[in-house]
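> Using only what follows, build the 3D model:
(one chain, ligands or ions: 2)
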Amino acid sequence: MPAHLTTRPEYSLLIDRYDTWMFDCDGVLWHGDRLIEGAVEVLEILRKRGKRILFVTNNASKSRKSYKTKFDVLGVQASVEEIYGSAYASAVYISSVMKLPKDKKVYVIGMAGIEEELREEGVSFIGGTDPADCTLEPFSLSSFSLDPDVQAVLCGLDLSVNYTKLSKAFQYLTRNPGCQFLVTNEDSTFPSADGLLPGAGAISAPLRYALEKDPISIGKPAKTMLDCIQAKVNFDPERTIMIGDRLNTDILFGQAGGLATLLVLTGITSKQDITGPNASPIVPDYVTQSIGDLRVVDGQ
Ligand SMILES: O=C(O)[C@H](O)[C@H](O)COP(=O)(O)O
Ligand SMILES: [Mg+2]
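Ligands and ions are numbered 1, 2, ... in the order given. Next comes the predicted model:
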């Protein structure tokens, strides 16, 4: 059973117990561009108490640098080095784990965040925000010329997904020998400021169905994201806590990494998902309604 936190002593004890605080973003700190009440104050309290803060998001629509701009605009203290997104983790995976040869390319279904991180890692790519791919014109296979250098398809959250992008990705994955099928993450839904929307997992689902094949997923709960962080940050898993709103990404990610886990109910997961006869088998260490609840330690 998770420990449902409600009192000031419980929150104070939690803060004393962990030195590194890994925050999921969508559904924990914000919904779209709307901050969750108390999130900024709690981050400030943790920093004042000498805690290390990291941001670990599956949202691949932004690069680390463009997330830093979002944090600045929202008035949240953050450095690029504290931000780990699935676009960054995917670019590192392709360059350092897959070791894609420099003369090979990635076909991207996704947004500027993926393109910026691939560029940063020196990985060549086509597709993405290319206007030729962002069309609602019917896809013409007879006039499509296959690029033989595409050796991976990377699919992430893409608000401009269309039949042309799916068809080109399908061609590369079925006609280029050895072409890898990669996704930044598999979140089924995305908690926007105005409600739930299809997530990155729903963008790659048509390809999985057409190919009858599962991709390699790089974001939470996969260990790749934690490997990226551990390559840059020296932290003690015993003294580290992952705060998230989704059981099958954030909480599983924390548990796989040997971290403590705190579930908040301001995003995807509801109280019904963790209580009663149909409760999920994924059980966080701690639960609180909102990250803003921790303000109570400073009498706020
Ligand atoms: O890809 C998605 O569906 C969304 O970006 C999803 O919200 C993941 O964002 P996170 O909660 O990991 O910040
Ligand atoms: Mg989230």
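> which residues touch the closest residue to ligand 1 within the chain?
Of all residues in the chain, the one sitting closest to ligand 1 is Gly199 (2.5 Å; C-beta to the nearest ligand atom). C-betas here are computed from N, CA, C, even on glycine. Listed by C-beta atoms under 8 Å, 6 or more residues apart in numbering, the contact partners of Gly199 are 157, 185, 187-190.
> Give me the next element, helix or strand, following the helix or strand where Leu13 lies.
Here Leu13 is covered by helix 8-17, with elements defined by DSSP states H and E. Proceeding C-terminally, helix 8-17 gives way to strand 20-23 as the next helix or strand, assigned by DSSP H and E.
> For the protein, list the residues in contact with ligand 1, please.
Applying C-beta under 6 Å from any ligand atom, one finds that the chain approaches ligand 1 through 24-27, 57-59, 157, 185, 187, 190, 199-200.
> mind running it again at 8 Å?
Proximity of the chain to ligand 1 is confined to 24-28, 56-61, 86, 156-157, 184-185, 187-191, 197-202, 219-220, 244-246, 249-250, 267-268 under the rule C-beta under 8 Å from any ligand atom.
> now, which of those residues lie within helices?
Of the residues of the chain next to ligand 1, the ones assigned to helices by DSSP state H are 86, 200-202.
> Neighbour-wise, give me the winner out of the residues you listed.
For these, neighbours were counted using other C-beta atoms under 10 Å, and Ser86 has the most, 35 neighbours in all.
> contacting residues for it?
57-60, 156, 184-185, 200, 218-220, 225.
> what do you get for Ser61?
Ser61 sits in contact with 87, 110-113, 156-157, 159, where contact means C-beta under 8 Å, 6+ apart.
> Can I have the buried ones of those residues as a ChimeraX selection?
A single ChimeraX command suffices to select whichever of these are buried according to 16 or more other C-beta atoms under 10 Å:
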select :87,110,111,113,156,157
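> Show me where the chain has its helices.
For the chain, helices defined by DSSP H occupy the ranges 8-17, 39-48, 64-74, 86-92, 112-120, 163-175, 200-211, 223-232, 252-256, 271-274.
> any chance of the ones you listed in JSON lines, plus mean pLDDT?
Putting these into JSON lines (pLDDT from 0 to 100) gives the following:
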{"stretch": "helix 8-17", "mean pLDDT": "98"}
{"stretch": "helix 39-48", "mean pLDDT": "98"}
{"stretch": "helix 64-74", "mean pLDDT": "98"}
{"stretch": "helix 86-92", "mean pLDDT": "98"}
{"stretch": "helix 112-120", "mean pLDDT": "98"}
{"stretch": "helix 163-175", "mean pLDDT": "98"}
{"stretch": "helix 200-211", "mean pLDDT": "98"}
{"stretch": "helix 223-232", "mean pLDDT": "95"}
{"stretch": "helix 252-256", "mean pLDDT": "98"}
{"stretch": "helix 271-274", "mean pLDDT": "95"}
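> would you turn those helices into CSV with distance to Ser140?
Formatted as CSV, the entries for those read as follows, by distance: least, C-beta to C-beta, whole Å:
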stretch, distance to Ser140
helix 8-17, 58
helix 39-48, 48
helix 64-74, 34
helix 86-92, 29
helix 112-120, 25
helix 163-175, 9
helix 200-211, 18
helix 223-232, 36
helix 252-256, 41
helix 271-274, 45
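> which of those helices is buried the deepest?
helix 86-92 (a mean of 31; mean count of other C-beta atoms under 10 Å).
> Pull up the gap between the closest residue to Leu154 other than its chain neighbours and ligand 2, please.
Sequence neighbours aside, Leu182 is the residue nearest to Leu154 in space, at 4.7 Å (criterion: C-beta to C-beta, 6 or more residues apart in numbering). Applying C-beta to the ion, to the nearest Å, one obtains 21 Å for the distance of Leu182 from ligand 2.
> Next one, pLDDT for Leu182 please.
Listed pLDDT for Leu182 reads 98.
> neighbours around it, how many?
Burial measure for Leu182: 20 neighbouring residues, criterion other C-beta under 10 Å.
> so it touches Gln151, yeah?
No - taking contacts as C-beta atoms under 8 Å, Leu182 lies outside contact range of Gln151: 10.7 Å.
> quick one: Leu263 and Val287 touch, right?
Yes - taking contact to mean C-beta under 8 Å, the distance of 4.8 Å between Leu263 and Val287 places them in contact.
> so what sits against both of the two?
Overlap between the contact sets of Leu263 and Val287, as judged by C-beta under 8 Å, 6+ apart, is given by 2, 274.
> Please say which of the two ends up with more neighbours.
Under the criterion of other C-beta under 10 Å, the comparison of Leu263 against Val287 puts Leu263 first, with 27 against 21.
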